[in-house]
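K.L.:
sequence first, predicted coordinates after that:
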Amino acid sequence: MSAQLVITGASNYAQGEAAAAIAPGATFTDAVSNLGGGSLTVSFSGTSFFGDELHIINQGSAAGQIGLEPAGIFGESDVTYGGQVIGTAIVENVFRDEVVLSKDLSAFTGTSQSGISVSFNSSATPQAVQALVQDIAYFERQASIELDVGTNESVKTGTTLLGKASSQVEFVGHPQNIPGTNQTSEPDRTVQFTINDGHGSTFSSTGTVTFVAGLQPPTFVAGATAVGDEQSAIPLSITAPSDNNDDPVSITISGVPSDAALSAGTRNGDGSWTLTAAQLPGLTFLAGETSASLTVTATAAANNPTSNSSVTSTQSIAVTVDPQAEVPNLSVPGSVSGVQGAPIGLGISVS
């Protein structure tokens, strides 16, 4: 068997969204049955900034999943694979009180100034270590600035020192992490993975994180007006929304009267309808008895299932339903009869 650690391609990350795996397609093979006494070290190499974080994501304890369990008093965490402890994670090169372990154990975190190191036990098989490499994720934490202006006072984001403030402030770190700045692009991040198998062999490879545009409101166009007769199909001109990141997009049209309908989509019962982009071409408003000027609102939402976030774009369409004179229904009996000298009912009715 050829022993190697292989990481290919780059991982995309959108600012403001959830942590993204750095090397989800990584492979690791080794001739040894377990890596007891070995380790995995992950750290930034080259460009990195304050706010850059490395995460071990707690997937759970099911078969094939990487999990986390509290261990020790200094923020260490046991790492599990399929519920079995395979090693202990620590954050390298920082004081123990700076170790970050989320309270809900959703992730174990190393920062731009540090790396994550996992010391393996005999349960750490090559398959388990490969799953761990695939699980390591990148996250950019947005800064929350606390500033006490005074002589030599600290400027911090969370617990990370950004600089010193006296009569003026100079931030040490990446301007993207300072709210209110207009940073338009981000350099790639390079992350070094090094595995010591505990039997004299070391394997290294690097993963790349490439920044892409964050979740953006979808772009679509809806006709400003639509006119037609009651009891008729009135065309609604709405183009299919587009989203730069190919995030799932849903469309909601609200303000539809109860006696009206759309030619496609699902009625939600509150005057709104949910549609897919494929249902927009040829969409019509099926006017009911209501004859009035009304406004229907089309909303397109781009959704990111990973971060459970969404952004929307909304446009209004003024729909005019013209009343139509209805043809009366005249009912006349074929014949009538009666008695001479007495009133004879003709039986004529209009509806």
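P.N.:
Yes, it's here.
K.L.:
which residues does the closest residue in space to V332 that isn't next to it in sequence contact?
P.N.:
Closest residue to V332 apart from its sequence neighbours, by CB to CB, 6 or more residues apart in numbering: I348 at 5.3 Å. To be clear about C-beta, it is placed using only N, CA and C from the backbone, and glycine gets the same treatment. Applying CB atoms under 8 Å, 6 or more residues apart in numbering to I348 gives the contacts 330-333.
K.L.:
swap in A287?
P.N.:
228-234, 260, 321.
K.L.:
please pick the buried ones from those residues.
P.N.:
For the contacts of A287, a burial check counting by 16 or more other CB atoms under 10 Å picks out 228, 230-231, 233-234, 260, 321.
K.L.:
for stretch 51-62, measure first residue to last.
P.N.:
31 Å (CA to CA, to the nearest Å).
K.L.:
adjust the sequence numbering to begin at 509 for everything that follows.
P.N.:
Sure, I'll start numbering at 509, so the last one becomes stretch 559-570.
K.L.:
mind listing what's buried in stretch 821-831?
P.N.:
Buried, per 16+ other CB under 10 Å, within stretch 821-831: 821, 825, 827, 829.
K.L.:
so the last one belongs to a strand, correct?
P.N.:
Yes - the assignment for V829 by DSSP: H, G, I helix; E, B strand; the rest coil puts it in a strand.
K.L.:
show me what V858 is bridged to.
P.N.:
L838 (DSSP bridges).
K.L.:
got the contact list for it?
P.N.:
Contacts of V858 by CB under 8 Å, 6+ apart are 836-839.
K.L.:
need those residues in TSV with distance to N566, can you?
P.N.:
As requested, the contacts of V858 are exported to TSV (distance: CB to CB, whole Å):
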residue	distance to N566
P836	73
N837	71
L838	77
S839	76
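K.L.:
switch the residues you listed over to TSV; also include pLDDT.
P.N.:
Formatted as TSV, the contacts of V858 follow (pLDDT from 0 to 100):
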residue	pLDDT
P836	72
N837	77
L838	74
S839	78
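K.L.:
tell me which two of the residues you listed sit farthest apart.
P.N.:
P836 and S839 (9.9 Å; CB to CB).
K.L.:
now do stretch 519-528: distance to the chain's middle.
P.N.:
9 Å (CA atoms, centre = their mean, to the nearest Å).
K.L.:
straight-line length of that stretch, end to end?
P.N.:
7 Å.
K.L.:
pLDDT averaged over that stretch - what is it?
P.N.:
Stretch 519-528 shows a mean pLDDT of 81.
K.L.:
got it, and stretch 743-763?
P.N.:
Rounded mean pLDDT across stretch 743-763 is 76.
K.L.:
and what of stretch 792-812?
P.N.:
Stretch 792-812 comes out at a mean pLDDT of 76.
K.L.:
just stretch 720-736 next, same as before
P.N.:
pLDDT averaged over stretch 720-736 gives 75.
K.L.:
okay, how far is it across it, tip to tip?
P.N.:
End to end - CA to CA - stretch 720-736 spans 44 Å.
K.L.:
again, but for stretch 530-547
P.N.:
18 Å.
K.L.:
and it, what's buried?
P.N.:
Neighbour-count burial for stretch 530-547, counted by 16+ other CB under 10 Å, picks out 530-531, 534, 536, 538, 540, 542-544, 546-547.
K.L.:
wait, which of those is closest to D696?
P.N.:
Nearest to D696 among these, with distances taken as CB to CB, is I530, at 11.4 Å.
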